[in-house]
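A.B. asks: my questions are about this predicted structure, shown below with the sequence.
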Amino acid sequence: MKENFPEFVEKLEKHGLIYTRVLGEGDDPSSPIGRGWQSTFLTKDKAVAEERAVKLGMKLEWTDNGVKTVMGPIPAVKWDESRGRKIWFNSMVAAYTGWKDARNDPVKAVTFGDGSPLPADVIEECGKILEEECVAVPWQQGDILLIDNWAVLHSRRSFEPPRRVLASLCK
């Protein structure tokens, strides 16, 4: 990305990204976001949801039928001490291309940290680069996979239900 779009990457490094999602009260299986605010924050109490959002560095703006979540600005590129190099550490392409449902416009789901829109052509090219670098893991029932999120991005392909994946994050 830095080779092909140095000004874009420089702006990402300077300003970071802001992610915005609108969540309904309940879960919506037809949405790529899926979970409503009650599942996201594991509560039906708006005050508790607010407390949990603050701990995550998230701001909430309540609406008549849900909540708008705003995360950021947060770094899009980070320094990895163990590897001694910068790493691409963001969900920019996923948010921009996939967070679309009745409440969410993917183009507004992620912006530069200064609030300015991301250029669609650069996001498209970034998606192509991610696809070129992609390694698909052929899952089988009972498999366990450990991923270092500082070394690689994680993602998923579309799938046909039923499918159940249990995930855990740790340091």
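C.D. replies: Structure received.

A.B. asks: all contacts plus neighbour counts: C-alpha atoms, from now on.
C.D. replies: Fine.

A.B. asks: quick one: buried residues of the helix ranked longest in the chain?
C.D. replies: In the chain, with assignment by DSSP state H, the single longest helix is helix 120-133. Buried residues in helix 120-133, counted by 16 or more other Cα atoms under 10 Å: 123, 126-127.

A.B. asks: and what of stretch 61-73?
C.D. replies: 66-73.

A.B. asks: quick one: mean pLDDT for it?
C.D. replies: For stretch 61-73, mean pLDDT is 94.

A.B. asks: residues making contact with it?
C.D. replies: Here stretch 61-73 makes contact (Cα atoms under 8 Å, 6 or more residues apart in numbering) with 15-25, 36-37, 57-60, 112-114.

A.B. asks: can I get it in CSV, CA atoms only?
C.D. replies: Output of stretch 61-73 as CSV, limited to C-alpha atoms (Å, rounded to 0.1, in the frame of the first residue of the first chain):
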residue,chain,number,x,y,z
GLU,A,61,-25.2,8.1,20.4
TRP,A,62,-28.6,6.7,21.2
THR,A,63,-31.3,6.8,18.6
ASP,A,64,-35.1,5.9,18.6
ASN,A,65,-34.4,2.4,17.4
GLY,A,66,-30.8,1.6,18.5
VAL,A,67,-27.4,3.2,18.9
LYS,A,68,-24.7,4.7,16.8
THR,A,69,-21.3,3.5,17.9
VAL,A,70,-18.2,5.6,17.1
MET,A,71,-14.7,4.1,17.6
GLY,A,72,-11.7,6.3,17.1
PRO,A,73,-9.8,7.8,15.8
